[in-house]
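Engineer: Pasted the sequence and its predicted model underneath.
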Amino acid sequence: MILGALTSYRTPSVEVGASYRRTVSSAFVETAQVLEVAEDKLGIPHVRFQLRVARGACSPTVEVRTLSLEAFQSRFKDRIRDKH
């Protein structure tokens with residue numbers, strides 16, 4: 001119980017509708033917009049998101065992917081703030 005509380009405190013929650021960015025290099029940027037956060041049949045939380053990959057001057061690719069919540073949080077650490 002205590003470990004779960006400490007883990008939740010250290011990792012911010014992933015919210016539906018929020019966007020997160022991962023910069024691999026100056027020419028390779030991934031942006032994820034969260035579509036859904038839900039548990040699978042085993043109770044493991046997963047994030048379904050729209051991924052936009054920008055590679056330099058090329059047109060970006062967009063696709064829908066799913067990762068476990070833990071994998072998503074380790075990959076996408078920078079939340080993009082709302083423009084409001």
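Structural biologist: The structure has been received and is ready for your questions.

Engineer: give me the low-pLDDT residue ranges for this protein?
Structural biologist: The chain contains residues with pLDDT under 70 at 1-12, 82-84.

Engineer: same thing but at 80, please
Structural biologist: Applying pLDDT under 80 to the chain flags residues 1-12, 26, 82-84.

Engineer: Going along the chain, name the strands of it.
Structural biologist: Along the chain, the segments classed as strands by DSSP state E run 19-25, 28-39, 45-55, 61-68, 78-80.

Engineer: can you tell which of these is closest to Ser13?
Structural biologist: Among the strands of the chain, the nearest to Ser13 by CB to CB is strand 28-39 (8.5 Å). For glycine as for every other residue, the C-beta is placed from the backbone atoms N, C-alpha and C.

Engineer: I'd say Phe72 and Phe49 touch.
Structural biologist: Yes: Phe72 lies in contact with Phe49 (CB atoms under 8 Å); the separation is 7.2 Å.

Engineer: shared neighbours, these two?
Structural biologist: Listed as contacting both Phe72 and Phe49 by CB atoms under 8 Å, 6 or more residues apart in numbering are Ala32.

Engineer: What is the neighbour count of Val29?
Structural biologist: By other CB atoms under 10 Å, the residues close to Val29 number 16.

Engineer: Mind listing the residues bridging to it?
Structural biologist: Thr23, Ala54 (DSSP bridges).

Engineer: Touching, it and Arg22? I think so.
Structural biologist: Yes: taking CB under 8 Å as the definition, Val29 is a contact partner of Arg22 at 7.3 Å.

Engineer: any common contacting residues for these two?
Structural biologist: Between them, Val29 and Arg22 share no contacting residue, judged by CB under 8 Å, 6+ apart.

Engineer: that older thread, same list (the strands of the chain) but as CSV, adding distance to Ser13.
Structural biologist: Formatted as CSV, the strands of the chain follow (distance: least, CB to CB, whole Å):
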stretch, distance to Ser13
strand 19-25, 12
strand 28-39, 8
strand 45-55, 10
strand 61-68, 15
strand 78-80, 10
